[in-house]
Structures are given as C-alpha cells and as structure tokens.
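Student: Model the following, please.
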Amino acid sequence: MKLIQKNFLLIFIFLIGINSLSAQQGPANNSSDFLVYQVTKSVKPIDVNDQWNEAGWKGIKSIKIRNYMGEIPAFKPEADVKMTYDNEFIYVIYRVKDRFVRSITEKINGPVWRDSAVEFFFSPEADNPINYFNLEINCGGTPLFHHKKNRPTVEDIQKIQIKASLPKRIDPEIKEPVTWTMSFRIPLNMLEKYTNVVRPAPGVAWRANFYKIAEINSNPHYITWNLVKNDKPQFHLPQFFGVLKFQ
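Tutor: Reported below is the predicted structural model:
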C-alpha cells in the first residue's frame, strides 16, 4: 500500500512538472498573438471619394497601425485604417499623419514601397493564408498588386478604384506635418479569377495585415497592424497575419 502511494505521488509530481513546463513555454501558435478586426457590412456602396468620417465611412470602427519593425524612426507616423464590405466589393480607407512624404513611382506594379505608402496583404482563404494578395499603394495613388501564385493583369488592377488625397507625384518630399488619406475598393469577382475566394459574409474569416511603409525618404520606417516577429523588416510573412471577422 505504501509503495502504491509512493508511486502515485511520484506520478503526480511528474505531471505537475510537465504542466508547469508547458505553461512556461506557451503554445506554438497562440491565437492571442493575432489581432481581430470585426468588419461590418455596409448598408450601401461606398464611394472612394467619401472622406474618413463622412458618408459611408461614418460610424465604421477603425484600427491602429502602430507596431514598428526594424529601427524606430525619429518621427513616428500614425496610421489608422477602416474596412467594410458588401456583396460586390471590399472597401478600405487609410488615414496617415505623416512627415517627409515622397511619391515618385507612377507606373503600375512599380516599386511603390520605396515611397510613402500603405499596404494591404490579405488571404480570402482563412485556412490557407499562404495564398495571399498584396496591394501596395503609394501616397500618390499608384498601385502594385500581386498574388502569391498568380499575377493579376494590369487591366484587372485598374478595376481597383483608388482615391488619393495627395498629388500623384511629390518630389521633393513634404517635410512638414501632413495628414493624407488613401481609399480603394476591390471587386470580389476580379479576385476570383486568381484564387479561391470565400466571399465575405457573417461568420466568414479572412487573414490579413495592414502596413505603412517608406523606404527611400528622410524618415524610413516599417509599421504593421498585427505584430510581425522578425528581426528584419519583412511584410511577406502570412504566419503573422491578423484575422478579419466579417459581421
């Protein structure tokens, strides 16, 4: 009897130790690492000319892009974003409080990330985030649009309606404080030409991240919505995408 009790005690201590170790290490993929944005459905189509707090965007919840990658810049831009959807489009608008703003890329699919730009990386398949799109737009409104496996045509990219509040070309850079916006709408049927799309609807989830970037100016920076755990600035890491939950 004493031997049984002793063995039971040893097993109990062993299990406690294992649980303690697991708690210290944490799960390999903790869902708490991913931010969640509750994306509400728009009651009517949104015009890309609508302002941040007016018309169709009024009352839509915004989220903050505040996680810096790499070296922290001397001036820290503040970027916020809103998103909504309907049966035909997804809509996004950015508001950026910025300085040292530059825009010289005017060719579609050119190196827009070198300019002051915003980026939206998203996968319409929540269970397969590796198949993602990346839409990158400089502050002048010039886009780059790619898919992980398939390259959309320029004709299809031009179906994305874009409205920039700043001029197409800005050179030299604007050193003074300036607030600029970028809004766009993406046709769902265009996305379906390049990958499997689970259309937004209540209960549907996508994976995504929102970014602000400027590589070649007086204040280079890399900022993310969902935290990206990487030593060097890198946005093409879908394992760190947050979650879009459609309402």
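Student: Could you list the buried residues of stretch 34-45?
Tutor: With burial defined by 16 or more other Cβ atoms under 10 Å, the residues of stretch 34-45 counted as buried are 34, 35, 37, 39, 42. (Each C-beta comes from the backbone N, C-alpha and C, glycine too.)
Student: no wait, stretch 119-136
Tutor: Buried residues in stretch 119-136, defined by neighbour count with 16+ other Cβ under 10 Å: 119-126, 129, 131-136.
Student: So which of those residues sits lowest on pLDDT?
Tutor: The lowest pLDDT within the buried residues of stretch 119-136 belongs to residue 126, with 78.
Student: Isn't it up against residue 208?
Tutor: No - checked against Cβ atoms under 8 Å, the pair residue 126 and residue 208 is beyond contact range at 9.8 Å.
Student: overlap in contacts of these two?
Tutor: Shared contacts of residue 126 and residue 208, defined by Cβ atoms under 8 Å, 6 or more residues apart in numbering, comprise residue 243.
Student: List just the nearest of the buried residues of stretch 119-136 to residue 91.
Tutor: Nearest to residue 91 among the buried residues of stretch 119-136 is residue 120, at 11.1 Å by Cβ to Cβ.
Student: From residue 37, how far out is that closest one?
Tutor: In this view, residue 120 and residue 37 are 12 Å apart by Cβ to Cβ, to the nearest Å.
Student: So for these two, which residues contact both of them?
Tutor: With Cβ under 8 Å, 6+ apart, residue 120 and residue 37 have common neighbours residue 208.
Student: ok, back up a step: just checking, which of the buried residues of stretch 119-136 belong to strands?
Tutor: Judged by DSSP state E, the subset of the buried residues of stretch 119-136 located in strands is 119, 120, 121, 122, 123, 133, 134, 135, 136.
Student: Verify the contact between the last one and residue 111 for me.
Tutor: Put plainly, it is residue 136. No - in this structure, residue 136 is not within contact of residue 111 by Cβ under 8 Å, at 9.3 Å.
Student: any common contacting residues for those two?
Tutor: Shared contacts of residue 136 and residue 111 (Cβ under 8 Å, 6+ apart): residue 144.
Student: can you map out the helices along the chain?
Tutor: For the chain, the helices defined by DSSP state H cover 2-25, 154-157, 188-191.
Student: in the protein, what secondary structure element scores lowest on mean pLDDT?
Tutor: Ranked by mean pLDDT, DSSP states H and E, the helix or strand of the chain with the weakest confidence is helix 2-25, at a mean of 36.
Student: Which positions within stretch 157-175 qualify as buried?
Tutor: 157, 160, 162, 163, 164, 165, 166, 170, 173, 174.
Student: With stretch 140-148 instead?
Tutor: Under 16+ other Cβ under 10 Å, the buried positions of stretch 140-148 are 140, 141, 142, 143, 144, 145, 146, 147, 148.
Student: Redo the buried residues of stretch 157-175 as TSV? Include pLDDT and distance to residue 216.
Tutor: Output for these, formatted as TSV (pLDDT from 0 to 100; distance: Cβ to Cβ, whole Å):
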residue	pLDDT	distance to residue 216
157	98	23
160	98	24
162	98	21
163	98	24
164	98	19
165	98	21
166	98	17
170	98	13
173	98	10
174	98	14
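Student: Just the ones of those in strands?
Tutor: Among those, DSSP E puts 162, 163, 164, 170, 173, 174 in strands.
Student: So which of those residues is the closest to residue 190?
Tutor: Nearest to residue 190, judged by Cβ to Cβ, of these is residue 162 at 13.6 Å.
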